[in-house]
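Chemist: Predicted model, plus sequence, below.
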Amino acid sequence: MSDYTTDEMMSIAAARALKDGMSCFVGIGLPSTAANLARRSHAPNLKLIYESGCLGAKPSRLPLSIGDGELAETADAVVSVPEVFNYWLQPGRIDVGFLGAAQLDKFGNINTTVIGDDYADPKVRLPGAGGAPEIAASCREVFVVLRQSKRAFVDKVDFVTSFGHGSGRGDRERLGLPGAGPTLVVTDLGLMRPDPGTAELTLTDLHPGVEVAQVLEATGWALKVADDLRRTPEPTEAELAGLRELKKAGE
Amino acid sequence: MAELVSLADGVADLVRDGDTVALEGFTHLIPVAAGHEIIRQGRRGLTLVRMTPDIVYDQLIGAGCASKLIFSWGGNPGVGSLHRFRDAVQHGWPVPLEIEEHSHAGMANRYVAGASGLPFAVLRGYSGTDLAKHTATIKPITCPFTGEQLAAVPALNPDVTIVHAQRADRDGNVQLWGIAGVQKEAVLAAKRSLVTVEEIVDELEPRPGALVLPSWAVTAVAEAPGGAKPSYAAGYYDRDNEGYQAWDAVSRDRDEFGKWLAEVAA
């Protein structure tokens, strides 16, 4: 096995979570890298949907933004932004929403709005909601991908931009949200899934070479660890080659 | 019928101090030249509206043209933060900026209601989020048929909407293709509209999938070749990704931004 970085392991683990034939609503950055890698490797029929109105985009390189011309040129269809949200996302036609986050809490709630308690006088102003609240509400399930740190993985997010599992199992149903919410979190250290009973994120998989203590140290709450903790299989040569080719083509 | 005007005259006639102004464009076809003309003409107290305020809004905010921003995602796409926007929100520089914050779906539906001549739109999003707590233009509403709890958002009807397109003919019919974002809805929702175009042609050749804004739905059309740069115009030029990256350094520093502003305003 050749050397690889923790970021490469994260992108590959995220790509593996996407199955062939699925439709996937893709955010820019890490989610887009993973979704494009999946489509170029084990999931050639993955339908990539971008909020710029590109349905079934087949870019040959990593798009630099969700409105990259390459996405429109290779898409099955280009539709208006109201159509993307009203006809495709809101009725729950999309299998997976793939999101990043600035902060994520133990119930999978996402903050991309402000850091700090005071919305009117924030410590850091972030970009805001974009398409994420509707993705989190309406996709059949949501995968979140972000690098693990105490700053990002917090007990409670400063601002709920996109609803995960609220304060526990049953909150989504009470609010009438149609999708299952976050079912998987992929980081550079491992995978987390919501506990079937409480919906609290639980460490279920460790990436190669990572120890549990390392993950606990990088999490801002007392992270629960699954009894049957698994090891992520090492990246294959083909996966690494595919990812590096994709990254190179994007430069 | 749309009038053919120069960019300077179009902005002078249609954009007034204190107006609610939407410059729409979703990564593609962003009306940057028109934004710079607003800066040159020194408009003040604008309420700027846009789903994805990017660097031209960072420039308008830094130049002190805006007192309020209605938006759903403010960033430099593929690069990072908007530093002039952050400076205005966090430090009130050069003037305080009030914000009204939505999701993309909320903004898109507000334009749809505006274009439809309806007072509000309904959507399922926002449930459980903190957005509704801080944004007065998100209210709960009960479906009169099923009892389902949904979110209502009021129509957006800008005083003026400005968009950029590829072509117009001499009668002022506008043709736009590629990623069309929310431009049609934003133009139809507005009281007045200005469309800048790459070129004015004698006759518009039909193009599959192209959007046409008929002359009678537009107030004015101005020729502005390259008017979307550093964003792109499909069929004319590509996105200048390095231009977006370069903005990061200029916008991080008030003095560097001041030099940029002096050049644009000259």
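Modeler: Ah, there it is. Remember, it's a predicted structure, so these values are computed and weren't measured experimentally.
Chemist: The stretch 1-150 of chain A: helices as residue ranges?
Modeler: Taking DSSP state H, counting those that start in this stretch as the criterion, the stretch 1-150 of chain A contains helices spanning A:6-16, A:30-40, A:69-74, A:81-83, A:132-138.
Chemist: The second one vs helix A:6-16, what angle?
Modeler: Using axes from the mean of the first three to the mean of the last three CA atoms, to 10 degrees, the interaxial angle of helix A:30-40 with respect to helix A:6-16 works out to 60 degrees.
Chemist: Give me the contact list for helix A:30-40.
Modeler: Outside of helix A:30-40, the residues that reach it under the criterion CB atoms under 8 Å, 6 or more residues apart in numbering or on different chains are A:10-12, A:14-18, A:24, A:26, A:46, A:48, A:58-59, A:62-63, A:66, A:98-100, A:143, A:145-146, A:186, A:239, A:242-243, A:245-247. Backbone N, C-alpha and C define where each C-beta goes, glycine included.
Chemist: can you redo the helices of the stretch 1-150 of chain A as CSV with mean neighbour count?
Modeler: Conversion of the helices of the stretch 1-150 of chain A to CSV gives the following (neighbours: other CB atoms under 10 Å in any protein chain shown):
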stretch, mean neighbour count
helix A:6-16, 22
helix A:30-40, 25
helix A:69-74, 21
helix A:81-83, 22
helix A:132-138, 29
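Chemist: Now mean pLDDT too, for those, in TSV please.
Modeler: Shown next, in TSV, are the helices of the stretch 1-150 of chain A (pLDDT from 0 to 100):
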stretch	mean pLDDT
helix A:6-16	97
helix A:30-40	92
helix A:69-74	90
helix A:81-83	97
helix A:132-138	96
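Chemist: Need those helices in JSON lines (columns: distance to B:W73).
Modeler: Output for those, formatted as JSON lines (distance: least, CB to CB, whole Å):
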{"stretch": "helix A:6-16", "distance to B:W73": "22"}
{"stretch": "helix A:30-40", "distance to B:W73": "15"}
{"stretch": "helix A:69-74", "distance to B:W73": "17"}
{"stretch": "helix A:81-83", "distance to B:W73": "12"}
{"stretch": "helix A:132-138", "distance to B:W73": "9"}
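Chemist: Among those helices, which comes closest to A:G53?
Modeler: Of all those, the one in closest proximity to A:G53, counting by CB to CB, is helix A:81-83 (5.8 Å).
Chemist: Output the contacting helices and strands for that closest one.
Modeler: Contacts defined by 3 or more CB pairs under 8 Å, 6 or more residues apart in numbering or on different chains; DSSP states H and E place helix A:81-83 against helix B:104-116.
Chemist: Quick check: neighbours of the helix or strand just after the helix it packs on in the sheet, parallel or antiparallel?
Modeler: The first helix or strand that comes after helix B:104-116 along the chain, using DSSP states H and E, is strand B:120-123. Partner strands and pairing direction for strand B:120-123 (DSSP bridges) are strand B:149-154 (antiparallel).
Chemist: how far does the partner strand sit from the chain's center?
Modeler: 23 Å (CA atoms, centre = their mean, to the nearest Å).
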